[in-house]
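Engineer: return a 3D structure for these sequence lines:
(chains A and B)
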Amino acid sequence: MQIKVDDHKPVEETLRDREWELSQLVDLVPGHLWRLTPDGEPTFFNKRMVGFLGLDVADADRPGVSRLQAVIEAVIHPDDAAEFGETLRCSLVTGKDFSIRYRLRRSDGVYRWMSSRAEPMRDQAGHIVQWYGLCHDIDDQVHAEEALRRSERQLQQLIDAVPALIWCMTPEGIPCYLNKRVSDITGIALEDLIAPDGARSLTVIHPDDRDAIDRALARSIETGEPFVGRYRQCRSDGPHRWVESRAEPLRDEAGNILQWYGVSVDIHDLMTVQQTLRERERELSLLVDMVPSNLWRLTPEGETTLANRHMADFLGMDLEDKQQLSEVFDTIFHPDDVETVWDGLARCLRTGERFSMKYRLRRADGVYRWMSGRAAPLRDESGRIVQWFGLCHDIDDQVHAEEALRRTSDRLAQATRAASLAELSASIAHEVNQPLAAIVANSHACHRWLSADPPNIDRAKITAERITRDANSAADVVGRIRALFRQTPHARLPEDANRLISEVCRFMADETAARRVRIKTNLELGLPSAALDRVQVQQVLVNLIRNGVDAMDTVVGGARELEIQSARHGSDAIRIEVRDEGTGFEDVERVFEPFFTTKQHGMGMGLAICRSIVESHGGRLWTANNETRGATVAFTLPLEASEAP
Amino acid sequence: MSLLDEIVFVVDDDARVREAISELLESLGWQSRTFAVAADYIAAVKPDLPACLILDIELPDINGLEFQKQLSDDVHPPIVFITGHGDIPSSVRAIQGGAVDFLTKPVGEQELVTAVRAAINRDREQRSVRAELAELVRRLDALTPREREVLPLVVSGLLNKQAAAELGISEITLEIHRSKIMHKMQAASFADLVRIAEKLQIPITHSRRSGSLQECTTRNPW
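Structural biologist: Residues are numbered from 1 along each chain as shown, chains lettered A, B, ... in the order given. Below is the predicted model:
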C-alpha cells in the first residue's frame, strides 16, 4: 500500500503538478476563459475573468433564474444582452462555434468591448460534454475602429457636402473618383470621363477649351506640377458653365505620385460678372474716348493720371507716354492764363471746391483755343478726396462770338454815347451860338456906327437894342437847357446795399473776367438798409468798377484784384469802397471836374456823375490813393429813416 | 472902286444872324441882300456887281455844301461859309469845292472883312476873265469856216508849207488866211495869237516835230 502509495506518489505528484500547471496556465493566459455545461450554464470563469467581472461564476445566482440568465443580466451590456443570449442559444442548440462581440461590464461598472469565442468539447460518441469559451478585451481596438469609421464617414460627408466638385485621378491621369456633388450638379458620372479604351475623356469640356486643358493636364501629369485650368464644362441640364479646376498630386515617401486630387469650382457667375465688367469697362472707355470733350483725371495732389483720346488728339499727346501725361499740364496753358489756372486749381485741390474756369489751351497745331474747364472731386466714404475728374470743352468760337458781340455792343454804346453827346453839344452850340453870333456881329456894327464920322447914333442904338434882345435870348436858351438837365427825383426805396453790390458784381463778372480782374467782396454782415435809387447807385458801382478795371489795364503782373467793401459809417450811414491796384490818381482833386480824364477813350464825366448821384442821395463821395498802389473811391449813403437811430 | 459897286449876299435861316451880319456889312460900307433859304437866293434877281455869297452850312432846305455843289455848274460869286460848329471834313470839302473861307460863328469883324474882301476880289478877277473870254469868243465867231480850219494848224506851230499841205491849198493862200486871222483876232503878234487860242481852248491838233517825238519815244529813255 505504502509502496502503492509511494508508487502512486509520483503519479499523483505528477498529476498534481500538471493540474497546478494547467490551473496556472488557465489563470495566467491573457484572456478570459470560461466553461459552460452543454445546456449553457456557466461552470467556470478563470481568475482573470473573475478579477475583471468582480464576481465568480456563482456570484450572480438568483433564485428562479438560470445561472446563465443571471450572469447575462449582470455582466452583459443591456444593448448586447439579447443578441448574446440568442447567439449562445443558437450555438448550444446547433453545436456550432460561437463567436460574438459584446460589451462586458467590468467590476468598476465600465463596459468594455470583448470578442468572445466558444467551441464545444465532445465525447467519443460526439455528444457535447462541455463548452469552452475565450474572450478578450478588444475595447481599444473597437474604439479605434469606431473613430476611424467616424472619421471616414465625416470625411465622406465632408467630401460630399463641400460646395466643390472633388475628383481624383490616377498617376496616369485616368479619373478614378468623383464626389457626389459632381453628379448631383453636373450630371457627369465617372464613366463619362473615361473613354472606351480606358484613357481619359474630356468630352465634358467645351470644344474650344478642350485642347488647352488636355495639354495642361498632360504637362502636370508629366512634371508633377499642380494643375490649374479654367474651362467651360458641359452640363447635362443646360448650357456650359465656367469652372476652375485645380489638382495636386499625393506622393509616397519616395516621391512617387500615388494619386491626383482635384477640385473644381463653379466660377461661371464670377466670369459672367468679369465679362460684363470688361464689356462695361470697354464701353466706358470707348465713351470716355469718344465723347466730344476733353476728359482728364488728377490725383488729389494734382498729377494727371488720365486723359481721354479726344484730349490727346487735341493736344497732340501720346497716351502711351506716362511721363508726358503727368507733365501735360505744365505746357498746354496760354502763358497769360497759366498762373491764374494754377492758382485756381491749387485752391480747389486744397479746399475741395469745384473747379470752374475759362482758359486757353494750346492745340496740337500750336493754336491757342479758349476752353471752359470744370473739375469735381470724387470722395471715398470717409469724405477724403480720392480723385479729381475734369472736363473741358472748346468754347473758342463761342468766346470769339461773345467777344465780337461785346465789342460790337461796346462800339454801339460808345457810338450812342458819342452820338448823343455830339447831338447834344451840337444842339446846345446851335441854340447858344446863333444869338452869340448875332450879338458879336451887332457889337462890331455898333462899334462901327459909333466910330463913323459922324457917328451914326440911330443905327448904333438899333444894334445895341438887338444885342440886348439876342443876349436875353441866349440866356433863355441856357435856362431851358438847365431845366432840361435838372434831375427829377426818383423813387428811393430801402435797399440792401450788399445785395446791390452782389448783383452788380454778378453782371460785371464776364466783363471783369475777360479783362482778367478778380473782384473780391468784403461785405459787412447785417448792414442796415439805405434809401436809394437802385438804378442810380448801380450806375455808380458799375462806373467805379469800370474805372478800377481800366486803371489796372496797364498793370503788368501781380494779382489784378478789385476789392469792394461795405461797412457802417458812423451811426447814420453806410460806406462802400471800391479799391483797385491800378495806377492811382495823379491829381485826386481834379478827378471830379467834368471833362477831366486820364483815359484815352473816356469822357471824363464818370466820377462827376457818380458824385452828383451820391450827393443827390445825401451822401458823400471821395477818392484817395492807396498807400501801396492803386486808388480807392469811397462813398456814403445815409441809412433809411427807420434804420437811423 | 467903291464898296457900293460891290454886293454881299447872305443866306442864313436865323433872322437874328442874318440881320446882324447884314448890319455889320452895312456899317463896313457894303450893301447886302439877305435870304432865309437857298431857294430864295436862287430865285432872286441879283445885280451884276462883284459879289460875295455868305452861306450858312446848316440851311433848312438844303445843306450848304450840297448847295455849293449845285452852284458850281453855273457862274456864281465866291462863297464864304459860316457855321455853328466847324468840323474839319466839312471845311475841307468846302475849300476843295472852291469856297474862299470857312468861318465859325460867332464871326469876328476882322475875319469877316478879310474873307469878304478876298471873295469879292476873286469875283472881280473871275468877272474880268469871263469878260475877256467873251470878247475873244466874239472875235472867233467873226472868222470864216476856212479861217477856223487854219487857226488850229498855225497855232500848233506848223510851218506855212506844212499847214498848206495839210489843207491842200497853196502856201500863198494860207498866208492870206493867217494874216486875216491875226487881224480879226486882234493879235498883236503870233505869240499873242497862240495865247488867245489857248484861252479859247483851241486844240493843238498837229505838231511840227511829231516825227522826231515819236523817234524819241522808241529810243531808250535813259
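
Engineer: can you show me the strands along chain B?
Structural biologist: B:7-11, B:31-35, B:51-56, B:79-83, B:101-104 (DSSP state E).

Engineer: any chance of those in TSV, plus mean neighbour count?
Structural biologist: C-beta: built from backbone N, CA, C; applies to glycine. Below are the strands of chain B laid out as TSV (neighbours: other Cβ atoms under 10 Å in any protein chain shown):
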stretch	mean neighbour count
strand B:7-11	23
strand B:31-35	18
strand B:51-56	26
strand B:79-83	25
strand B:101-104	20
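
Engineer: residue A:198: which of these is closest?
Structural biologist: When the strands of chain B are compared by Cβ to Cβ, strand B:79-83 sits nearest residue A:198, at 126.1 Å.

Engineer: show me what the closest one is in contact with.
Structural biologist: By Cβ atoms under 8 Å, 6 or more residues apart in numbering or on different chains, the residues outside strand B:79-83 that reach it are A:437, B:12, B:21, B:52-58, B:64, B:68, B:71, B:90-91, B:94, B:98-105, B:107, B:112, B:115-116, B:119.

Engineer: one more pass at 7 Å, please.
Structural biologist: Outside strand B:79-83, the residues within contact range by Cβ atoms under 7 Å, 6 or more residues apart in numbering or on different chains are B:52-58, B:64, B:68, B:90, B:94, B:99-105, B:107, B:115-116, B:119.

Engineer: swap in stretch A:434-444?
Structural biologist: With contact meaning Cβ under 7 Å, 6+ apart, stretch A:434-444 is reached by A:463, A:466-467, A:470-471, A:473-474, B:14, B:16-17, B:20-21, B:23-24, B:105-109.

Engineer: ok, 6 Å please
Structural biologist: Here stretch A:434-444 makes contact (Cβ atoms under 6 Å, 6 or more residues apart in numbering or on different chains) with A:463, A:466-467, A:470-471, A:473-474, B:14, B:16-17, B:20-21, B:24, B:105-106, B:109.

Engineer: buried subset of those?
Structural biologist: Buried subset of the contacts of stretch A:434-444 (neighbour count, 16 or more other Cβ atoms under 10 Å in any protein chain shown): A:463, A:466-467, A:470, A:473-474, B:14, B:16-17, B:20-21, B:24, B:105-106, B:109.

Engineer: chain A contacts on chain B?
Structural biologist: Chain B comes close to chain A at residues B:14, B:16-17, B:20-21, B:23-24, B:27, B:84-85, B:105-106, B:109, as judged by Cβ under 6 Å from any Cβ of the partner chain.

Engineer: so which pair among the residues you listed is furthest apart in space?
Structural biologist: Greatest spatial distance among the residues of chain B next to chain A (Cβ to Cβ): B:27 and B:85, at 26.5 Å.

Engineer: how does the chain divide into domains?
Structural biologist: Reading this off chain A. A:31-140, A:162-273, A:291-394, A:404-485, A:493-638 (automatic domain parsing).

Engineer: I was after chain B.
Structural biologist: Annotated domains of chain B cover B:3-127, B:142-216 [automatic domain parsing].

Engineer: picking that back up, settle it for me: which of residue B:27 and residue B:85 has more neighbours?
Structural biologist: residue B:27 (24 against 15; other Cβ atoms under 10 Å in any protein chain shown).

Engineer: the residue in the stretch 201-350 of chain A that chain B sits nearest to and residue A:359, how far apart?
Structural biologist: Residue of the stretch 201-350 of chain A nearest chain B, by Cβ to the nearest Cβ: residue A:336 (39.5 Å). Distance of residue A:336 to residue A:359, given as Cβ to Cβ, to the nearest Å: 9 Å.

Engineer: can you get me a residue count around residue A:345?
Structural biologist: Per other Cβ under 10 Å, the neighbour tally for residue A:345 reads 19.

Engineer: over to residue A:255?
Structural biologist: Neighbour count of residue A:255, defined by other Cβ under 10 Å: 8.

Engineer: sec struct for it, please.
Structural biologist: Of the three states, residue A:255 takes coil according to DSSP: H, G, I helix; E, B strand; the rest coil.
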